[in-house]
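>>> fold the following, please.
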Amino acid sequence: MDRRLAIVAGVAVTLLASGCGDTGGSAAPATGAAHRLTVSSPAFTDGGTIPRRYTCDGADASPPLAFSGLPATATTLALLVEDPDAPHGTFTHWLLWNAPARQTAWPAGQAPRKATQGRNGFEKTGYGGPCPPKGAAPHHYVFSVYATDRALDLPATTSPDGLRRALSGHTLASGTLTGRYGR
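The predicted structure follows:
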């Protein structure tokens, strides 16, 4: 009897340690995305000043972006551009998803083909450039890019938090580029 109990206990410990017994299916990628991708722009360096052209004081065109270090299994890319220094809390300047992962460079002023763009904090679809209050210290604008293992089925009204929830468990890699702008 004790031998059987020892075997059952050993099997239970082995199953728990191996992760068996969850709700099934294939294992989802880690939410934290251990793999880092590099996000860059020929217009500004990480921590550098975003040129006026890409702000509300210029053409308000999205800056050119480039990505490297994407996992071979990535299907799509998602992007969030946020200003954590905004006076009333984090402000969203751009959110998009389902950009083809093989398109590793985005030209200035253009969203990637086939990508879905959401509404920014200006209540407009697409990119809305940096536009901090005049006289304030320069704000930081964080361009966060996520490589996903699948296309995201989201409505165009999706919020930044909704996009983050959809990315949970499906992010293979992520990276950021931060620019600064003041007026």
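>>> so which helix or strand takes in residue 152?
Using DSSP states H and E, residue 152 sits within no helix or strand.
>>> cool, the one 10 residues further on as well?
The secondary structure element spanning residue 162 is helix 160-167 (assigned by DSSP H and E).
>>> which secondary structure elements does that helix sit against?
If contacts are counted by 3 or more CB pairs under 8 Å, 6 or more residues apart in numbering; DSSP states H and E, helix 160-167 sits against strand 76-83, strand 91-100. In this view, the C-beta of every residue, glycine as well, is placed from N, C-alpha and C.
>>> hey, which of these is tucked in deepest?
Among the helices and strands packed on helix 160-167, the stretch with the highest mean neighbour count (mean count of other CB atoms under 10 Å) is strand 76-83, at a mean of 24.
>>> can you list the residues that contact that strand?
For strand 76-83, the external contacting residues (CB atoms under 8 Å, 6 or more residues apart in numbering) are 65, 67, 70, 90-101, 103, 112, 115, 127, 130, 132, 139-148, 150-152, 160, 163-164, 167.
>>> about what we covered before: contacts for the helix holding residue 162 next, please.
Against helix 160-167 from outside (CB under 8 Å, 6+ apart): 31, 78, 80, 82, 90, 92, 95, 97, 118, 146, 148, 152, 154, 158.
>>> again, but for stretch 87-95
Residues contacting stretch 87-95 (CB under 8 Å, 6+ apart): 62, 78-84, 117-121, 126-130, 133, 136, 141, 158, 160, 163.
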